[in-house]
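Q: got a structure for you, letters missing:
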């Protein structure tokens, strides 16, 4: 018996090593080396600047697919590949809509998703809304105004859907754009109704001053860097939002191919810090277990699926309070510590946790998910011309940009309407507001016994891109 002891120990050691390797890897049907080789082959024919985005998307699978599609879409605009951006956003919005929709199937899917220990990324309301907003802009570029209008309305609806609650939608910009598309095709009643909806809870200066008839040309320009998701040392389960430092200067200079004749209407049409830090227009101090936490304690919010005849008075945002909080976000400060102090958060950098693009590698149900769409802007600025149509935007510059930035999208509908779209910072450059990669490249495979779902995703990627 004693002679067999070394043999037993050797066999046990080999089994233990094999089990440890499988447990640490988290995949079963393929090794990390095989999946990495597949990803390397997949990205070879992709634009060089987009290869990190495609590689991470392929490796991380469904768990991070929506976030990776979102990041890829904005990056694709930087290299003039609107076709890739369209496909990426189609994939992201399909997954978002299957989980977050205002119908019985959506409520059931949302409940099932919320019950998972490790959830696939879907994003907070403002992030989900922005995916549909960008898809709407791409539809405008393709002169598909009906689809653009639908996408913009869906963007506003996503802003109203929390994980465990529903709120009045206060994302006015997409409703304004939906009204503008309705006006472009001659649907005056539809435009009036959508504009009224946009202005109902809007704190945004540009939207509040809008009036019929709507302009013939609009230029949309995104400024600054959007909010980050963090937790604090005091509570890892309470998701909070940390705005970036203030944008540099208020001047936006847009140069057109021909000089416009009429004076523009201009102003801020959306503030993503405000969207992140409010629900239904009310300031929140965080999100815990999918529910908004307000400064004065949990407040009433319509449960998913509830169909009230009218919005309860307690849910309607106080216009003065909303406007005051909106205004306070315009002078937050120039560094994270001062911003955190103003927001009542811990005052040291070390006490802010999860403030990176990847956040916690695999947050569970008890830890807040700090993954965030890092290439979103801080502000959306709009410049509109009542009479001009067909204006072509050239360079766009601000005090923050070292060199002028080109317009990324432009489009025209007959001789009736035109638009242009640009961004202050590149979605390719992590040092200038973009996110070059949501995690170190090449990323590790994230299988967790989901090989079937991830293989379906990867097969679809090879077919679509």
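A: Yep, that arrived. Predicted, not measured: the structure shown is a model, and the values here were computed from it.
Q: Scan the helices and strands of the chain for the one with the lowest mean pLDDT.
A: When the helices and strands of the chain are scored by mean pLDDT, DSSP states H and E, helix 5-25 comes last with a mean of 43.
Q: and the next element down the chain from it?
A: Sequence order places helix 32-43 as the next helix or strand after helix 5-25, per DSSP states H and E.
Q: how about low-confidence regions in the stretch 51-200 of the chain?
A: Filtered on pLDDT under 70, the stretch 51-200 of the chain yields no residues whatsoever.
Q: quick one, strands of it?
A: For the stretch 51-200 of the chain, no strands are identified by DSSP state E, counting those that start in this stretch.
Q: And the helices in it?
A: 51-60, 65-78, 82-99, 104-114, 125-141, 145-158, 172-184, 188-200 (DSSP state H, counting those that start in this stretch).
Q: Give the other helices and strands that the third one contacts.
A: In this structure, helix 82-99 makes packing contacts with helix 65-78, helix 104-114, helix 125-141, helix 145-158, helix 451-464, judged by 3 or more C-beta pairs under 8 Å, 6 or more residues apart in numbering; DSSP states H and E. Bear in mind the C-beta positions are built from the backbone N, C-alpha and C, glycine included.
Q: rerun at 6 Å
A: Applying 3 or more C-beta pairs under 6 Å, 6 or more residues apart in numbering; DSSP states H and E, we find helix 82-99 packed against helix 65-78, helix 104-114, helix 125-141.
Q: Residue 464: which of these is closest?
A: helix 65-78 (10.8 Å; C-beta to C-beta).
Q: hmm, who's touching the closest one?
A: With C-beta atoms under 6 Å, 6 or more residues apart in numbering as the test, helix 65-78 has contacts from 50, 53, 56-57, 84-85, 88-89, 91-92, 95, 121-122, 131, 371, 373, 375, 408, 426-428, 435, 438.
Q: what about stretch 117-127, distance to the chain center?
A: 10 Å (C-alpha atoms, centre = their mean, to the nearest Å).
Q: Doesn't residue 202 lie inside a helix?
A: No - counting by DSSP: H, G, I helix; E, B strand; the rest coil, residue 202 is not found in a helix; it is coil.
Q: ok so, going back, kindly reformat the helices and strands packed on helix 82-99 as TSV containing distance to residue 158 and mean neighbour count.
A: Putting the helices and strands packed on helix 82-99 into TSV (distance: least, C-beta to C-beta, whole Å; neighbours: other C-beta atoms under 10 Å) gives the following:
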stretch	distance to residue 158	mean neighbour count
helix 65-78	12	26
helix 104-114	11	14
helix 125-141	4	26
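Q: Quick one: closest of the ones you listed to residue 402.
A: helix 65-78 (15.9 Å).
Q: Quick check: nearest residue in space to the spatially most central residue of the chain, chain neighbours excluded?
A: By C-alpha atoms, centre = their mean, the chain has its centre lying nearest to residue 127, at 2.8 Å. In space, and not counting its chain neighbours, residue 127 is closest to residue 373: 4.9 Å by C-beta to C-beta, 6 or more residues apart in numbering.
Q: any idea how far residue 464 lies from residue 150?
A: Shown here: residue 464 relative to residue 150, a distance of 22 Å by C-beta to C-beta, to the nearest Å.
Q: Neighbour count: those two, which is higher?
A: Neighbour count, other C-beta atoms under 10 Å: between residue 464 and residue 150, residue 150 has more, with 17 against 11.
Q: Distance-wise, check the more buried one relative to residue 55.
A: 32 Å.
Q: how about the strands in the stretch 351-465 of the chain?
A: Secondary structure of the stretch 351-465 of the chain (DSSP E, counting those that start in this stretch): strands at 352-353, 379-385, 393-397, 405-406, 409-413, 417-423.
Q: Need the residues that contact the fourth one.
A: Contacts of strand 405-406 with the rest of the structure, by C-beta under 6 Å, 6+ apart, involve 396, 422.
Q: Paired strands for it, with orientation please.
A: As defined by DSSP bridges, the strand partners of strand 405-406 come to strand 393-397 (antiparallel).
Q: Need the residues that contact the partner strand.
A: 219, 221, 253, 254, 255, 256, 257, 404, 405, 407, 420, 422.
Q: first vs last residue of stretch 209-226, how far apart are they?
A: From its first residue to its last, stretch 209-226 covers 24 Å (C-alpha to C-alpha, to the nearest Å).
Q: which residues are in contact with that stretch?
A: 180, 183, 244, 247, 252, 254, 272, 376-386, 388-389, 391, 393, 396, 417-424, 433.
Q: Now which of those residues would you call buried?
A: Buried subset of those (neighbour count, 16 or more other C-beta atoms under 10 Å): 180, 183, 244, 247, 252, 254, 272, 376-385, 388-389, 391, 393, 396, 417-424, 433.
Q: How about the contacts made by residue 254?
A: Counted by C-beta under 6 Å, 6+ apart, residue 254 has contacts 219, 383, 393, 396.
Q: so can I have a markdown table of those residues showing pLDDT?
A: Output for the contacts of residue 254, formatted as a markdown table (pLDDT from 0 to 100):
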| residue | pLDDT |
| --- | --- |
| 219 | 98 |
| 383 | 97 |
| 393 | 96 |
| 396 | 95 |
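Q: Would you mind giving the residues you listed as CSV with distance to residue 345 added?
A: CSV is the format used below for these (distance: C-beta to C-beta, whole Å):
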residue, distance to residue 345
219, 36
383, 35
393, 38
396, 34
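Q: Provide the count of other residues in contact range of residue 296.
A: Residues near residue 296, counting by other C-beta under 10 Å: 8.
Q: Mind checking what secondary structure it has?
A: What three-state DSSP gives for residue 296 is coil.
Q: State the distance from it to residue 321.
A: Distance, residue 296 to residue 321, using C-beta to C-beta: 11 Å.
Q: Same check on residue 32?
A: Distance of residue 32 to residue 321, computed by C-beta to C-beta: 52 Å.
Q: Can you pick out the residue with more neighbours from those two?
A: More crowded of residue 32 and residue 321, by other C-beta under 10 Å: residue 32, with 17 against 12.
Q: which residues in the stretch 301-450 of the chain form helices?
A: Going by DSSP H, counting those that start in this stretch, the stretch 301-450 of the chain shows helices at 319-328, 336-342.
Q: so the residue nearest to residue 412 when sequence neighbours are not counted bridges to which residues?
A: Ranked by C-beta to C-beta, 6+ apart and with sequence neighbours excluded, the top spatial neighbour of residue 412 is residue 418, at 4.3 Å. Beta-bridge partners of residue 418, counted by DSSP bridges, are residue 217, residue 412.
Q: how close does residue 418 get to residue 128?
A: Separation of residue 418 from residue 128 (C-beta to C-beta) stands at 28 Å.
Q: go on, residue 109?
A: Residue 109 is 14 Å from residue 128, where distance means C-beta to C-beta.
Q: where does residue 302 land on pLDDT?
A: Note for residue 302: predicted pLDDT of 51.
Q: do the one 4 residues further on as well
A: At residue 306, the predicted lDDT confidence score is 50.
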